[in-house]
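> When you get a sec, could you give me coordinates for this:
(one chain, ligands or ions: 1)
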Amino acid sequence: MNQNKIPVSVLSGYLGAGKTTILNHVLNNRDGLKVAVIVNDLSEVNIDADLIRDGAGLSRTNEKLVEMSNGCICCTLREDLLKEVEKLALEGRFDYILIESTGIGEPVPVAQTFTYIDEEHGIDLSQICRLDTMVTVVDAYRFWNDFSSGETLLDRNQAAGSDDIREVVDLLIDQIEFCDVLILNKCDMVETDELDELEGVLRKLQPRAKFIRSERGKVDPAAILNTGLFNFDEASTSAGWIKELENPVHTPETDEYGISSFVYERVKPFHPERLMKWMEDWPVDIVRAKGTMWLATRNDMGQSFSQAGPSIQLGPAGYWVAALPEDERKFYLQDEPELARAWDAVYGDRINKVVLIGIDMNRNEIESTLDQCLLTDDEMRMDWSRFADPFPKAIAELAEQLQ
Ligand SMILES: Nc1nc2c(ncn2[C@@H]2O[C@H](COP(=O)(O)OP(=O)(O)OP(=O)(O)O)[C@@H](O)[C@H]2O)c(=O)[nH]1
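Now for the predicted structure:
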């Protein structure tokens with residue numbers, strides 16, 4: 001760890017989760033640390049900055065509050081963030097930079113700002129700063145409500161612009177699946193057993209992060225400052241579904257809250273119509289599913305599948321290596337021993353491989369009903385291109401039905 005580089009912590013979390021409250025608490029207990037604070041607000045009036053100015057008692061001479069308003073540091077204000085952080089770091093009078101992102105900000109692009117050289121502006125923040133901790137704040141009281149609302153940010157008038165079509169649940173998942181510390185805030189508003197269940201699910205979604213429960217934002221500053229926990233590669237692969245794919249762990253049935261996960265893996269394609277019907281009747285006990293699907297009608301391309309609550313997405317993931325010209329296929333097989341090991345003699349790398357995470361999932365039922373969506377032995381001998389394929393245009397309608 002280079003002591004000359006100024007450490008940075010970033011707070012993400014959906015609107016109203018408690019980021020400003022936590023920030024104020026941490027600043028009020030900062031123990032002499034000279035902190036520069038960057039507060040990002042989507043609107044023109046940076047209310048959070050006012051709250052921090054009033055609540056945190058930053059010293060005018062030693063500290064600084066930078067407002068970044070009217071945009072989001074993960075996209076439209078990314079360049080401003082680069083320049084602002086560079087300026088603060090080069091001033092050399094701060095011990096720490098603490099950033100509060102907007103509620104609709106995604107953590108990955110913010111972390112990238114600190115990790116990669118920005119060629120366009122010639123700024124390499126990694127030479128002057130050290131991203132120390134990515135923190136995600138989750139509102140324990142509203143979580144399930146937001147997760148299952150089926151609403152988009154536009155529906156809630158919270159979008160970054162009219163072309164921002166993100167669903168609330170997808171944003172929540174992005175924030176949870178990329179963090180080093182997850183703060184479950186507003187614990188005063190939720191019964192303990194509900195909290196235990198929620199934490200169990202969140203730990204399944206994000207097994208790497210350190211979990212902290214807080215009430216009214218009371219978080220020990222040491223939990224989010226100078227933790228040294230950030231590592232881009234580890235954070236990028238820390239989602240529960242990736243961990244489950246890498247190393248399937250079968251939670252024993254004794255789990256108090258019935259939270260479990262498993263991988264559905266079959267070397268046989270789905271019949272698109274039957275799969276579509278299955279999805280229309282999505283089992284409510286599955287909270288999160290993610291993986292690759294093989295549709296008989298799209299035999300050359302794997303489909304990337306992602307579900308979180310009522311949000312379902314399916315789209316092309318890329319060509320199966322088995323569908324590539326022979327010389328390319330040989331190249332990949334030589335280059336990737338893992339691919340060669342898993343290679344099927346007939347179908348190559350074509351496979352259905354989906355991680356399912358849920359509460360009280362009936363694994364047998366899920367597996368047997370999904371198996372019925374695979375091609376039958378008779379269908380395997382037919383011309384697959386002639387099967388009806390309602391994907392992907394039906395996906396949008398499907399998402400609506402699930403709400
Ligand atoms: N009951 C309770 N209320 C809380 C807690 N933490 C924050 N609040 C309240 O929740 C509301 C939102 O808190 P903020 O700290 O402004 O949340 P935020 O994440 O900064 O919100 P945005 O900046 O809009 O994204 C405020 O009214 C807080 O007083 C908590 O732990 N318990």
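
> Now do the host helix or strand of Ser260: everything it contacts.
Applying DSSP states H and E as the criterion places Ser260 in strand 259-266. When contacts are defined by Cβ atoms under 8 Å, 6 or more residues apart in numbering, strand 259-266 is touched by residues 197, 200-201, 204, 240-241, 244-245, 248-251, 253, 291, 351-359, 361, 363, 366-367, 370-371, 374. Yep, even glycine has a C-beta here, placed from its N, CA and C like the rest.

> which of the residues you listed count as buried?
197, 200-201, 204, 240-241, 244-245, 291, 351-359, 361, 363, 366, 370, 374 (16 or more other Cβ atoms under 10 Å).

> Name the SS class of the residue of the stretch 201-350 of the chain found nearest the ligand, please.
Residue nearest to the ligand within the stretch 201-350 of the chain (Cβ to the nearest ligand atom): Arg216, separated by 4.3 Å. Assigned with DSSP: H, G, I helix; E, B strand; the rest coil, Arg216 falls in the coil class.

> Could you pull up phi and psi at it?
With angles defined as degrees, to the nearest 10, Arg216 sits at phi 50, psi 40.

> which residues touch it?
Gly18, Thr21, His25, Asp188.

> May I see these arranged in JSON lines, with pLDDT and distance to the ligand as well?
Formatted as JSON lines, the contacts of Arg216 follow (pLDDT from 0 to 100; distance: Cβ to the nearest ligand atom, whole Å):
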{"residue": "Gly18", "pLDDT": "95", "distance to the ligand": "3"}
{"residue": "Thr21", "pLDDT": "94", "distance to the ligand": "3"}
{"residue": "His25", "pLDDT": "93", "distance to the ligand": "9"}
{"residue": "Asp188", "pLDDT": "96", "distance to the ligand": "5"}
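
> Select from those the one having the most neighbours.
Ranked by neighbour count (other Cβ atoms under 10 Å), those have Gly18 at the top, with 25 neighbours.

> For the closest residue to that residue other than its chain neighbours, give the beta-bridge partners.
Excluding its sequence neighbours, the residue lying closest to Gly18 (Cβ to Cβ, 6 or more residues apart in numbering) is Asn185, at 3.9 Å. Beta-bridge partners recorded for Asn185 (DSSP bridges): Asp139.

> Report the separation between Asn185 and the ligand.
Plainly put, Asn185 is 5 Å away from the ligand if you go by Cβ to the nearest ligand atom, to the nearest Å.

> That residue: what's it in contact with?
Contacts of Asn185 (Cβ under 8 Å, 6+ apart): Gly13, Ala17, Gly18, Thr21, Ile22, Val137, Val138, Asp139, Ala140, Ser214, Glu215, Gly217.

> Tell me if the fourth one really is in a helix.
Yes: assignment of Thr21 by three-state DSSP places it within a helix.

> ok, back up a step: restricted to strands, list the contacts of strand 259-266.
Using DSSP state E, the subset of the contacts of strand 259-266 located in strands is Gly291, Asn352, Lys353, Val354, Val355, Leu356, Ile357, Gly358, Ile359.

> nearest to the ligand, of those?
For the ones in strands among the contacts of strand 259-266, the residue nearest the ligand by Cβ to the nearest ligand atom is Ile359; the value is 24.1 Å.
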